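# dropping a prediction and its sequence here:
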Amino acid sequence: MQLNFGIAVIALLGLAPAAQAQEASVTFNLLTYEGVYLSRIFRFDARYAAKYNIPIAVPFALQVPMRKDIELIADGRPDGGIVKFTFATKASLGRQFVENFHVIGARFPIPQGSDNPMSIRLRTAAKALTQSAFPAAVQGFSDAKIIATQEIEVNGLRAVEVLSTYTDPANGSMVLQLVAIPHPDRPESYFIVHNISRTLVPMSGPEQLPETLGGRILDSFTYE
């Protein structure tokens with residue numbers, strides 16, 4: 001059964017235009033890139049846990065896109081969570097924040113005696129995202145509002161997504177994508193916090209999320 005929380009997906013084009021951050025480059029637009037993306041595979045397993053002294057409840061893997069004009073900063077021990085990838089423009093373009101992608105551990109219990117336990121878990125996950133993850137992610141920022149809450153598919157896995165916007169005084173108008181991905185067979189799972197600068201990634205609507213750097217990572221997410 002598909003989730004329906006009564007909030008329609010509203011195209012981001014219908015919102016106020018993205019604010020131009022100070023010293024923003026007028027020549028950079030992530031979505032106009034026509035070059036070839038190379039990807040680097042990151043595996044989060046027992047070896048990763050031993051290297052960074054971070055417990056990995058359930059192994060997973062990601063493919064991270066690489067571009068010559070984007071700098072990737074990988075934080076293997078972020079404040080909270082398992083890993084954070086931050087993308088910024090090169091110094092030659094004037095260093096600016098583009099996106100980040102943060103993987104955080106979660107637990108979504110598997111209800112017993114239900115004909116459709118995943119739907120129950122997704123509802124629980126949606127509540128956790130809207131009531132806990134969203135307020136924490138936008139704390140200290142202004143104009144924060146949720147645009148949509150819906151079930152999606154992530155690389156063949158059922159997941160739930162919360163889309164929102166907010167204003168960052170340093171980077172201007174932002175898009176926030178929160179995604180919970182319950183493991184099909186285990187309570188131990190993960191959720192994603194994905195922040196996008198609307199100045200450098202001027203999306204016309206949520207249908208362009210897969211074209212973003214974090215969207216490409218999300219599409220590659222897999223439990224191992």
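Here it is on my side, so go on. Numbering: from 1, shown residues only.
# check the residue nearest the centre of the chain and give its pLDDT.
Among the residues of the chain, the one closest to the centroid is His194, at 2.7 Å (C-alpha atoms, centre = their mean). In this model, His194 is scored at 98, pLDDT.
# show me the beta-bridge partners of it.
In this entry, His194 is beta-bridged to Phe101, Gln177, by DSSP bridges.
# that one contacts Ser164, doesn't it?
No. Using C-beta atoms under 8 Å, His194 is not in contact with Ser164; the gap is 10.9 Å. Any C-beta I mention is one placed from the backbone N, CA and C, and that applies to glycine too.
# so what sits against both of those two?
Residues touching both His194 and Ser164 by C-beta atoms under 8 Å, 6 or more residues apart in numbering: 176, 178.
# what's the separation between the residue nearest to the centre of the chain and Ala46?
Distance, His194 to Ala46, using C-beta to C-beta, to the nearest Å: 26 Å.
# now swap in Thr149 and tell me
With C-beta to C-beta as the criterion, Thr149 and Ala46 are 35 Å apart.
# with Leu93 instead?
Counting by C-beta to C-beta, the gap from Leu93 to Ala46 is 39 Å.
# more neighbours: these two, which one.
The residue with more neighbours, out of Leu93 and Ala46, is Leu93; 15 against 10, by other C-beta atoms under 10 Å.
# what's the burial count for Arg47?
If we define neighbours as other C-beta under 10 Å, then Arg47 has 11 of them.
# just the CA trace of the strand or helix carrying it, in CSV.
Following DSSP states H and E, one finds Arg47 within helix 46-52. What follows is helix 46-52 as a C-alpha-only set of coordinates in CSV (Å, rounded to 0.1, in the frame of the first residue of the first chain):
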residue,chain,number,x,y,z
ALA,A,46,33.5,-4.3,9.4
ARG,A,47,36.6,-2.9,7.8
TYR,A,48,35.3,0.6,7.9
ALA,A,49,34.1,0.2,11.5
ALA,A,50,37.6,-0.9,12.5
LYS,A,51,39.3,2.0,10.7
TYR,A,52,37.1,4.8,12.1
